[in-house]
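turn this into a structure:
(one chain, ligands or ions: 1)
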Amino acid sequence: MTQSTTNSPASAAQGARPTSNRPIRIALVGIGKIAQDQHIPALRNDSSYELVAAVSRSRGIEGLPRFADIASLAQSGLAVDAVSFCTPPVGRYAMARAALEAGFHVMLEKPPGATVAEVHDLAERARARGRTLFATWHSRESAAVDPARDWLAQRTIKSVRTDWKEDIRHWHPGQDWILEPGGFGVFDPGINALSIMTTILPERLRVQKATLHFPSNRQAPIAAQIDLVHGTDTPVVVELDFLKTGPQQWDIQVETNDGTLLLREGGRRLFINGEERVSAEDREYPRLYQRFAALVAAGASDVDVTPHQIVADAFMIGRRLEAAAFEF
Ligand code: NAP
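Residues are numbered from 1 along each chain as shown. As a prediction, the model looks like this:
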């Protein structure tokens, strides 16, 4: 169940709304893997945007000015309408708050913050300042997600099973922050599954039981099993594994009164009773930036913490088991 809260800013007149014929002048914050793989290409191929700066401690974007922090960007005199955050969740709140206070519209990578309360706080500040806040969930933009939601809306759901299993060493080489407190561990990819599930399933998901496996030398889980309930009593099982070698698995399987729905490859492919119905190339980030431009133009925000809350609940209720020490 998606619980988007679309908040109209207090005063649209205060907002630095670009007119339809002027691109949104945007700065990227944190020039790491996802900024380079997805954000920069998506922005460079979208005429609604002009990429004007990097905010980074270590790495710039060729041909653009680089600023060490949001304060330096704000004081530089460079014309900027928006900033997009590609930093890890810990530390993002202070920077996003500074960006809103500087009058910028703000887009956040998933997970939107280190804690749920941080995100609520940013949403309130955005509304008070008349700025757009967009807490993104890129996996919701996968091609098969909307068709899956529409198909399920007409059926009775009997059970759900999610397997989200990938190799941390392949996808996140050297990213020690991911296994630090607030790094989310296996929930960094796992929250993508939860973002899809909370979109395609019509009723609320509640965590009932969780087992979290923490490497003896790390502060975040490397694997997890979560039992949830959908609606009143529909069982939902989620298996997360960050040590999967060989074929990777990002699957959500839903048993209904009318057969089986299977989302594969992170929401890119949809099968109904074994027959492939959707398969499409990845356009998640171009779609996210189109949505952000539409929100800015409308003077609106989109902040849904539902997947984030499920992770927080799993940490709150979960049984902690010690696993073997982990090194990249
Ligand atoms: P990354 O490669 O480690 O890059 C993060 C960047 O953030 C760093 O290069 C650094 O850039 C900046 N940064 C600021 N404070 C930092 C800190 N305390 N520790 C480490 N870096 C810090 O991470 P990423 O994979 O791009 O992930 C960033 C965010 O995007 C995360 O929330 C992640 O969940 C999300 N995401 C990642 C992927 C993926 O496939 N990797 C996919 C979708 C979403 P500067 O040196 O420029 O400051």
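
residue 224 - that's part of a helix, no?
No: read with DSSP: H, G, I helix; E, B strand; the rest coil, residue 224 is strand and lies in no helix.

measure how buried it is and give me the count.
25 (other C-beta atoms under 10 Å). Glycine gets a C-beta too; all of them are placed from N, C-alpha and C.

what sits against it?
Going by C-beta atoms under 8 Å, 6 or more residues apart in numbering, residue 224 touches 185-187, 190, 210-213, 238-240, 314, 318.

out of those residues, which sit inside strands?
210-213, 238-240 (DSSP state E).

contact partners for the residue nearest the centre of the chain?
Of all residues in the chain, the one closest to the mean position by C-alpha atoms, centre = their mean is residue 110, 2.6 Å from it. Residue 110 sits next to 135-139, 191-192, 195, 307 when contact means C-beta under 8 Å, 6+ apart.

go again using 6 Å as the cut-off
residue 137 (C-beta atoms under 6 Å, 6 or more residues apart in numbering).

check the one 4 residues further on too.
Neighbouring residues of residue 114 by C-beta under 6 Å, 6+ apart: 89-90, 182.

can you tell me which of those residues has the most neighbours?
For those, neighbours tallied by other C-beta under 10 Å; top is residue 89, 25 neighbours.

now do the phi/psi pair for it.
phi -60, psi -40 (degrees, to the nearest 10).

show me the contacts for it.
111, 113-114, 182.

which helix or strand contains the closest residue to it other than its chain neighbours?
Nearest residue to residue 89, sequence neighbours excluded (C-beta to C-beta, 6 or more residues apart in numbering): residue 114, at 4.5 Å. For residue 114, there is no helix or strand it lies in under DSSP states H and E.

go through the contacts of residue 114 and name the one nearest the ligand.
The ligand lies nearest to residue 89 out of the contacts of residue 114, by C-beta to the nearest ligand atom, at 5.4 Å.

wait, isn't residue 60 in contact with residue 51?
No: when contacts are counted by C-beta atoms under 6 Å, residue 60 is not listed as touching residue 51 (11.7 Å).
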